[in-house]
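A.B. asks: Quick one: sequence and predicted model below, then my questions.
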Amino acid sequence: MRESKSDLPLISVVLCTYNGERFLLEQLRSIEEQTYPILEIIISDDASTDGTKEILSKYEKCAGFKVFYQAENLGYIKNFEFALNKANGAFIALCDQDDVWLPHKIETLFKCFENEWLVYSDSLLVNEYGESLGKKLSSIRNMYSGRETKSFFLFNVVWGHALMIRREILSTALPIPEGIPHDIWLAYKAATITGIKYCDQVLTHYRQHQNTYTQTLLPKNLQTRTLSKRFQYYLKQLYWIEVLKKNAQSAEQQFYDSLHRLFLQKEKGSFSYPLFFFLLKYQLSLFRFSKKNFISRLIYIRKLARGERQQIS
């Protein structure tokens, strides 16, 4: 029996824009065509300089739409944080400016919820013209439901455009730590508290531009980095470990404490065998989201255990 409109909770769609005039209208129309009837659409433009504001101005007075314009560029993550704080819905779905949602996306994700604070779905990768690239996100990642978080150290499995959250998570997930992508952060926080849940349906056409296609399909090649860039990347990894350690659930606290301690040994400049064997011990958990085979995992772990030395000019 279908629920009446009055029985359904408000769901907020949070859309952040920046110089997105080329594909924005197609994304907005796919939101308007959603089968779920109770929607609030929060849009925050991050000081666009193209025709994005002109497109959004036509929606300012449309029912359910609330449009905000930033005077100065906040950056992608902080703009999403601003928009999340404006959402009033019991559930919140994040939206990119250049994808296309299937009409039943919101309704399907809402029905997927049980006790979790975050659910997410699969997506079809399409090119700039909306044509299929023959791959889904599930083709490049092992989608996961549960509470284990170790794999978030190395990989993401939840993309922002594919997720929906309960608003309860905002009290513990905001503010987003500096430099941490909002989607992996929300997924990690939800996993530590309630677990996350995967909805095995393609609900979004995820548009890949030349740069985003590379980001999505190709792993970072640590081998080809210059020494200085490698050290910068090491510092970013170390910072991420510190964030994970600070927010870990008690069952995984010892793991993150040990990972942090061993990772610091890399600064001695020589290969860290203790780190190598530690990562090898937990390789099944660390690579839970990855489709790498054992040999590829071994090579990846060997690279992670290399010493790092800051280049002095």
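C.D. replies: Noted; the coordinates are in hand.

A.B. asks: And the strands in the stretch 1-150 of the chain?
C.D. replies: With DSSP state E, counting those that start in this stretch as the criterion, the stretch 1-150 of the chain has strands at 11-17, 39-45, 65-69, 91-95, 100-101, 118-126, 132-136.

A.B. asks: Pull out the buried residues from the third one.
C.D. replies: Within strand 65-69, the residues that qualify as buried by neighbour count (16 or more other CB atoms under 10 Å) are 65-67, 69. From N, CA and C alone the C-beta is placed, and that goes for glycine too.

A.B. asks: The last one now?
C.D. replies: Residues of strand 132-136 classed as buried: 133, 135-136 (neighbour count, 16+ other CB under 10 Å).

A.B. asks: so which of the residues you listed comes closest to I31?
C.D. replies: For the buried residues of strand 132-136, the minimum distance to I31 (CB to CB) is 21.4 Å, reached by K136.

A.B. asks: close enough to count as contact, the closest one and V126?
C.D. replies: No - counting by CB atoms under 8 Å, K136 sits too far from V126 to count as a contact (10.6 Å).

A.B. asks: returning to that earlier point: save the buried residues of strand 132-136 as JSON lines, and put in distance to L84 too.
C.D. replies: Shown next, in JSON lines, are the buried residues of strand 132-136 (distance: CB to CB, whole Å):
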{"residue": "L133", "distance to L84": "30"}
{"residue": "K135", "distance to L84": "29"}
{"residue": "K136", "distance to L84": "27"}
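
A.B. asks: Give me the pLDDT for M1.
C.D. replies: M1 carries a pLDDT value of 41.

A.B. asks: got a list of what K66 touches?
C.D. replies: Contacts for K66 (CB atoms under 8 Å, 6 or more residues apart in numbering) come out as 40-43, 86.

A.B. asks: Buried ones from those residues, can you make that a PyMOL selection?
C.D. replies: This is how PyMOL selects the buried members of those, with burial counted by 16+ other CB under 10 Å:
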select buried, resi 40+41+42+43
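
A.B. asks: Am I right that T204 is in contact with P103?
C.D. replies: No - if you go by CB under 8 Å, T204 and P103 don't touch, sitting 11.5 Å apart.

A.B. asks: check contacts around E107.
C.D. replies: E107 neighbours (CB under 8 Å, 6+ apart): 34-36.

A.B. asks: again, 6 Å this time
C.D. replies: Shown in contact with E107 (CB atoms under 6 Å, 6 or more residues apart in numbering): 35-36.

A.B. asks: T204 and P103: which has the busier surroundings?
C.D. replies: Per other CB atoms under 10 Å, whichever of T204 and P103 has more neighbours is T204, with 25 against 15.

A.B. asks: What's the local residue count around P177?
C.D. replies: By other CB under 10 Å, 14 other residues sit near P177.

A.B. asks: SS state for it?
C.D. replies: Three-state assignment for P177 (DSSP: H, G, I helix; E, B strand; the rest coil): coil.

A.B. asks: Now the closest residue to it other than its chain neighbours: phi and psi?
C.D. replies: Distances taken as CB to CB, 6 or more residues apart in numbering put V243 closest to P177, at 5.2 Å, once the chain neighbours are dropped. Backbone torsions of V243, given as degrees, to the nearest 10, read phi -70, psi -40.
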